[in-house]
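Chemist: Need the 3D shape of this:
(chains A and B)
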Amino acid sequence: MSYVEKWLHKHVPEMIDLFVTPLCTVLVTSFITFTIIGPIFSVFENWVLAGAQVLITLGWGLGAAVMGAIYPFTVVMGLHHMYNVIEAGMISNTGVNTWMPIASAANFAQFGACLAVALKVKNQKTKSVAFPSSLSASLGITEPAIFGINFRFMKPFICGMAGGAVASFLASHMHGTNMAGERVAFGATTYGVTGIPGIPAVNNIGMYLIELLVASGVAFALTWIIWKEDAPEGAKKEAPKAEPAIEAPKTSVIRCAAGKVLQPTKGKVIAREEIPDETFAAGILGDGVGIEPEEGVVVAPFDGEVTSVAESKHAIGLSNEGGMELLIHVGVDTVGMNGDGFAPAVKEGDKVKAGQKILTFDRAKIKAAGHPDTVVILLTNSDDFEGVVCGVE
Amino acid sequence: MKSFDYVITDPVGIHARPAGILVKEIKNYVGSTVTVTKGEKSVNALKLMALMGMGIKQGDTVTVSVEGENEEEVAAKIEEFFKTYF
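Modeler: Next comes the predicted model:
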């Protein structure tokens, strides 16, 4: 059709192109279709039809079984609509659509498999998909069941194929009665429906019900036995390395608009002015507090980053997202100890979480060196912030 | 820009307490930017934590640069300061 149209576009004067081209295109191509293409292809069609009919009756129903098994694959590929042509052909030919039982077997088997998943699975989300999908599959619409559950988990799909095969085999040996009362092959009098809505369409309801039962029963049983649910995601992942839970300190010692500084060391909090060092007490390095430590452990007072670790290991600088720059200085004049008795647990650039251990110090050594072991906590840029309040809360 | 070199004589170098004093001093010179360089590393002298992080010890040579208003004057004052405290 496109060739005709293109040719016409080229040769027809523009003025009349608009109405002439489409008209002629359709006329020409339909003429060709009816007189040439149609007759040729209908010969092919008849071959396909004959072939399909033979296939179904082949090998005492084995051909039917094969069709019943691969049917769901054609559904996945969306090709299953082409059967309508075969089915229509059958009806006009012999009056009996023997394809339908195969399709019904295949579809109802997918229903059976999906139902098994729905009942067996523990994962609620999957369950909530599987139940309605199996329902629609029983009514002949199998895409949700196939794409949503069976094909996804693969084993149910294969069990469905098995169920479809078995039931198709069975159906090919069944018989029904046609309108004239004659005994004919088991099938339907129309096409387009499978599963439960197909009941009024078949020429032997009793047989049909048996077929459906077999299809779904086999698929269900096989799925139930073979298919196992994957372990829930949580259990699959290896348990994270057991880390002692980082607990953030409960009290804060400095608070301002940019955040809180939690108490980094256990002990008595003293006012900045009481720190036994002139420089610190005077607030030259910023506002803050001192702590008379109970134990030699300093933890991060907020989530942030280590900006510096003194070479003499007795002081750590930290900053947080709010821009607070905090100095934690352990002891007074302890720089002179040259690191003996101090063990930082972090290095410059490390990210820390509130409560995470950042330094351990030996109180006895500090005392022995003749220094107060007061832990000094100062917000060095306290001038940059509003509402800086120091003290325990 | 005006700069001078200085060898630290104070046994504890530039660490928390003296660094804090330095910062306080520099804050007074509002129009100037003071940079302290040790070897490859340079920091704005106002950044206390960065200054401390450099670990400037006795015997280290640092270069102090001043840029801005009255740089001559400020540089001279800072040099005095260094001589006194460091």
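
Chemist: Residue A:104 belongs to a helix, doesn't it?
Modeler: Yes - inclusion of residue A:104 in a helix is indicated when DSSP: H, G, I helix; E, B strand; the rest coil is applied.

Chemist: Least confident secondary structure element in the chain?
Modeler: Because you didn't say which chain, this covers chain A. Per-element confidence for chain A was summarised using mean pLDDT, DSSP states H and E. The lowest value among helices and strands belongs to helix A:233-236, with a mean of 48.

Chemist: that's the other chain; I wanted chain B
Modeler: Taking mean pLDDT, DSSP H and E as the measure, the helices and strands of chain B show their lowest mean at helix B:48-53, namely a mean of 72.

Chemist: Which elements pack onto it?
Modeler: Counting by 3 or more C-beta pairs under 8 Å, 6 or more residues apart in numbering or on different chains; DSSP states H and E, the packing neighbours recorded for helix B:48-53 are strand A:304-309, strand A:315-320, strand A:325-330, helix B:16-27, strand B:41-44. Using the backbone N, CA and C atoms, a C-beta is placed for each residue, glycine as well.

Chemist: Those: which one's closest to residue A:224?
Modeler: With C-beta to C-beta, the closest approach to residue A:224 among the helices and strands packed on helix B:48-53 belongs to strand A:304-309: 55.4 Å.

Chemist: ok so, going back, so after the least confident helix or strand of chain A, what's the next helix or strand?
Modeler: Past helix A:233-236, further along toward the C-terminus, the next helix or strand under DSSP states H and E is strand A:252-256.

Chemist: For the top helix by length along chain B, list every residue counted as buried.
Modeler: Across chain B, the helix with the greatest residue count (assigned by DSSP state H) is helix B:71-85. Of the residues in helix B:71-85, those buried under the neighbour-count criterion (16 or more other C-beta atoms under 10 Å in any protein chain shown) are B:71, B:74, B:75, B:77, B:78, B:79, B:81, B:82, B:85.

Chemist: Could you give the separation of that helix from the chain centroid?
Modeler: 9 Å (C-alpha atoms, centre = their mean, to the nearest Å).

Chemist: what's the answer for stretch A:159-170, then?
Modeler: 31 Å.

Chemist: Stretch A:347-363 too?
Modeler: Shown here is stretch A:347-363, whose average C-alpha point lies 38 Å from the average C-alpha point of the whole chain (C-alpha atoms, centre = their mean).

Chemist: cool, and stretch A:365-385?
Modeler: If you compare the mean C-alpha spot of stretch A:365-385 with that of the full chain, they lie 52 Å apart, counting by C-alpha atoms, centre = their mean.

Chemist: quick one: that stretch near chain B?
Modeler: Yes - with C-beta under 8 Å from any C-beta of the partner chain as the threshold, stretch A:365-385 lies in contact with chain B, specifically through A:380, A:381.

Chemist: Quick one: end-to-end distance for that stretch.
Modeler: 36 Å (C-alpha to C-alpha, to the nearest Å).

Chemist: same thing with stretch A:362-372?
Modeler: End-to-end span of stretch A:362-372 (C-alpha to C-alpha): 12 Å.

Chemist: Okay, helices next: where are they in the stretch 1-150 of chain A?
Modeler: With DSSP state H, counting those that start in this stretch applied, the stretch 1-150 of chain A shows helices at A:2-11, A:14-32, A:38-57, A:62-76, A:83-93, A:100-120, A:124-138, A:143, listed in chain order.
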